[in-house]
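Colleague: Predicted coordinates and the sequence they were generated for:
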Amino acid sequence: MHYSPADLRRWPDLEGPDLPASDAADRLILDESAAARAQAPDGTITVIGDGYGALALGAAADGARGIRVHQDALTGEQALAANAERFGLGGAVASLPLAAELVTGARVVLLRLPRSLDALRDIAALVAAHAAPDVAVFAGGRLKHMTVAMNDVLREYFTRIDVTHARQKSRVLVARGPHDGHEPLPQMREEDGLVVCAFGGAFAGASIDIGTRFLLDNLPAPPDGTDAAVDLACGTGVVATTLALRHPSLRVYACDQSAAAVASARATAAANGVADRVEVARDDMLASRPDASADYIALNPPFHVGAAINEGVAPRMFAQAARVLRAGGELWTVWNSALRYRAPLERLVGPTRQVARNAKFTVTVSTRR
């Protein structure tokens with residue numbers, strides 16, 4: 001099948017008319033980098049932050065091979081693999097962690113600018129530490145999500161920043177002259193006796209967000225006989241680590257599809273001395289967990305798909321929790337009260353009662369039928 005950006009799919013992520021798999025920023029990054037990519041030997045192009053494969057497969061369609069790719073979201077990585085297979089480009093790309101092997105010797109880096117400045121700082125520092133001295137970084141995004149502060153972050157690690165003309169409400173920053181690079185390090189902060197660790201891009205950073213705090217204030221001990229609990233969409237691992245600290249005999253499985261969240265949660269568990277009882281996995285919701293295998297799940301569901309608010313994410317998580325819970329098992333959920341999740345919780349999991357409510361959030365417990 002001939003590659004066409006219009007034929008890219010987001011699957012297994014949410015799909016819909018208002019959820020495109022590529023956009024004008026992807027096209028502009030590819031256009032601005034075309035000359036540099038044409039001169040880059042195989043194995044020297046790196047792609048970071050590609051949504052669903054538009055950048056990596058665009059470069060592959062132009063003839064590049066040995067393209068190294070990092071996507072924070074597991075669903076993006078899965079979509080890239082599926083799209084590459086459909087277009088016969090599977091052998092051209094390889095997904096890697098955000099680590100030295102991703103960028104060592106890179107001559108061209110294609111980057112979708114993350115909205116988090118801390119995430120951009122982690123990426124820029126890593127590229128500056130390990131890429132070739134003549135690397136060119138083509139960092140682009142939609143104008144509405146770009147700020148002058150992004151230029152300043154890039155200047156911390158590159159001597160020259162050029163700004164392209166805007167096109168279709170998108171722009172590209174071109175960074176050259178890497179210097180002072182280093183490995184990404186998590187931010188660390190102590191709150192309420194808990195050390196929270198966060199790599200760039202992890203939700204709420206090195207702090208406890210107000211929804212999680214409200215859930216923790218109302219989260220009871222797991223039922224008698226429970227030897228394991230699940231922290232679904234674990235973020236920086238605050239809930240998982242707190243459960244392990246509160247209940248010394250408890251083991252916790254924490255999962256998130258974000259690579260930054262997983263790294264942060266592992267660091268948080270280690271910083272609080274419970275890494276031996278908190279297993280952290282990068283998972284698409286609970287896809288790797290067997291049916292009817294848990295009695296107790298805690299969840300603070302996200303309500304964004306990329307930059308867009310989308311209420312379709314949480315119900316998918318409720319359905320996964322229902323699949324993994326044993327009959328009589330409990331799902332403890334905190335949610336923004338305006339989202340009215342009570343009905344889908346009742347439908348997908350089982351009888352649901354309100355445990356607490358404040359000006360913004362509701363905590364409920366749903367019992368698996």
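Modeller: Received the coordinates, thanks.
Colleague: So Pro184 sits against Phe199, correct?
Modeller: Yes - judged on Cβ atoms under 8 Å, Pro184 makes contact with Phe199 at a distance of 5.9 Å. In short, each C-beta sits where N, CA and C put it, glycine included.
Colleague: Now do the shared contacts for those two.
Modeller: Asp122 (Cβ atoms under 8 Å, 6 or more residues apart in numbering).
Colleague: Which one's more surrounded, these two?
Modeller: The residue with more neighbours, out of Pro184 and Phe199, is Phe199; 28 against 19, by other Cβ atoms under 10 Å.
Colleague: now that one: how far from Ala260?
Modeller: 5 Å (Cβ to Cβ, to the nearest Å).
Colleague: anything in contact with each of the two?
Modeller: Ala119.
Colleague: Need the contact partners of the helix or strand containing Arg68.
Modeller: Per DSSP states H and E, Arg68 falls inside strand 67-70. Residues outside strand 67-70 that contact it (Cβ under 8 Å, 6+ apart) are 43, 45-50, 56, 59-60, 77, 80, 92-98, 101-103, 106, 259.
Colleague: Could you chop the protein up by domain?
Modeller: 5-178, 187-367 (automatic domain parsing).
Colleague: What distance separates the opening and closing residues of the last one?
Modeller: So that's domain 187-367. Taking Cα to Cα, to the nearest Å, domain 187-367 runs 37 Å from one end to the other.
Colleague: The closest residue to Ala73 other than its chain neighbours: what's it in contact with?
Modeller: Distances taken as Cβ to Cβ, 6 or more residues apart in numbering place Gln257 nearest to Ala73, at 5.5 Å, with adjacent residues excluded. If you count contacts by Cβ under 8 Å, 6+ apart, Gln257 has them with 73-75, 282-285.
Colleague: Mind doing that once more with 7 Å?
Modeller: Listed by Cβ atoms under 7 Å, 6 or more residues apart in numbering, the contact set of Gln257 reads 73-75, 282-284.
Colleague: Which single one of those is nearest to Leu232?
Modeller: Using Cβ to Cβ, Asp283 is the member of the contacts of Gln257 that lies nearest Leu232, at 9.0 Å.
Colleague: Share the number of residues neighbouring the closest one, please.
Modeller: Neighbour count of Asp283, defined by other Cβ under 10 Å: 20.
Colleague: Could you give the backbone dihedrals for it?
Modeller: phi -140, psi 150 (degrees, to the nearest 10).
Colleague: Helix or strand: which one has the nearest residue to it once chain neighbours are set aside?
Modeller: Once flanking residues are discounted, Asp283 sits nearest to Cys255: 4.0 Å by Cβ to Cβ, 6+ apart. In the assignment (DSSP H and E), Cys255 maps to strand 251-256.
Colleague: Need the single longest strand in the chain, by residues.
Modeller: strand 325-336 (DSSP state E).
Colleague: any idea of the mean pLDDT in it?
Modeller: On average, the pLDDT along strand 325-336 is 96.
Colleague: next one: stretch 298-306
Modeller: Across stretch 298-306, pLDDT averages out at 75.
Colleague: go on, stretch 274-290?
Modeller: Mean predicted lDDT for stretch 274-290 stands at 96.
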